[in-house]
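Student: after the sequence you'll find the predicted model.
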Amino acid sequence: MQNLDATFAALADPVRRAILARLAQGDATVGELAEPFAISQPAISRHLRVLEAASLIRRERDGHHRRCRLDARGLERATEWLEFYRRFWSASFARLDRYLKRKKGDPHA
């Protein structure tokens, strides 16, 4: 559950979500990821560490540069968790719908 907490905490920040959206288009260097933001290089590095700790990205050395790549593991865990609750609520609403139809005397309930 701790990894799931880290994933949702990482996704809570709009800069980190923007970084993930950029990485969904392909790998990028730290400098490329920093370009659209008016924040310091150390701040970008902190965001990348949070994303990496949540298993949302991987960073690798590429000569003098560090390349970042989207890592689906963190999103898979979050998706599984969200899917469980989506099924739970869908089933609950379906039961409520059947109950209300029976109360009204609907023959299709």
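Tutor: That came through fine. Please read all numbers here as calculations on a predicted model, not as lab measurements.

Student: what about the strands in this protein?
Tutor: Assigned by DSSP state E, the chain shows strands spanning 28-29, 57-62, 65-70.

Student: please tabulate these in TSV, including the columns mean pLDDT, mean neighbour count and distance to residue 6.
Tutor: Using the backbone N, CA and C atoms, a C-beta is placed for each residue, glycine as well. Below are these laid out as TSV (pLDDT from 0 to 100; neighbours: other CB atoms under 10 Å; distance: least, CB to CB, whole Å):
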stretch	mean pLDDT	mean neighbour count	distance to residue 6
strand 28-29	94	17	22
strand 57-62	90	14	12
strand 65-70	91	17	16
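
Student: how about the helices in the protein?
Tutor: Ranges of helices in the chain, per DSSP state H, are 2-11, 14-23, 30-34, 41-53, 72-104.

Student: buried residues in stretch 22-36, which are they?
Tutor: Within stretch 22-36, the residues that count as buried by 16 or more other CB atoms under 10 Å are 22-23, 28, 33-34.

Student: and stretch 44-54, by the same measure?
Tutor: Within stretch 44-54, the residues scored as buried using 16+ other CB under 10 Å are 44, 47-48, 50-52, 54.

Student: could you dump the residues you listed to JSON lines with distance to residue 102 and pLDDT?
Tutor: Below are these laid out as JSON lines (distance: CB to CB, whole Å; pLDDT from 0 to 100):
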{"residue": "44", "distance to residue 102": "57", "pLDDT": "94"}
{"residue": "47", "distance to residue 102": "52", "pLDDT": "97"}
{"residue": "48", "distance to residue 102": "55", "pLDDT": "97"}
{"residue": "50", "distance to residue 102": "50", "pLDDT": "97"}
{"residue": "51", "distance to residue 102": "49", "pLDDT": "96"}
{"residue": "52", "distance to residue 102": "52", "pLDDT": "95"}
{"residue": "54", "distance to residue 102": "45", "pLDDT": "94"}
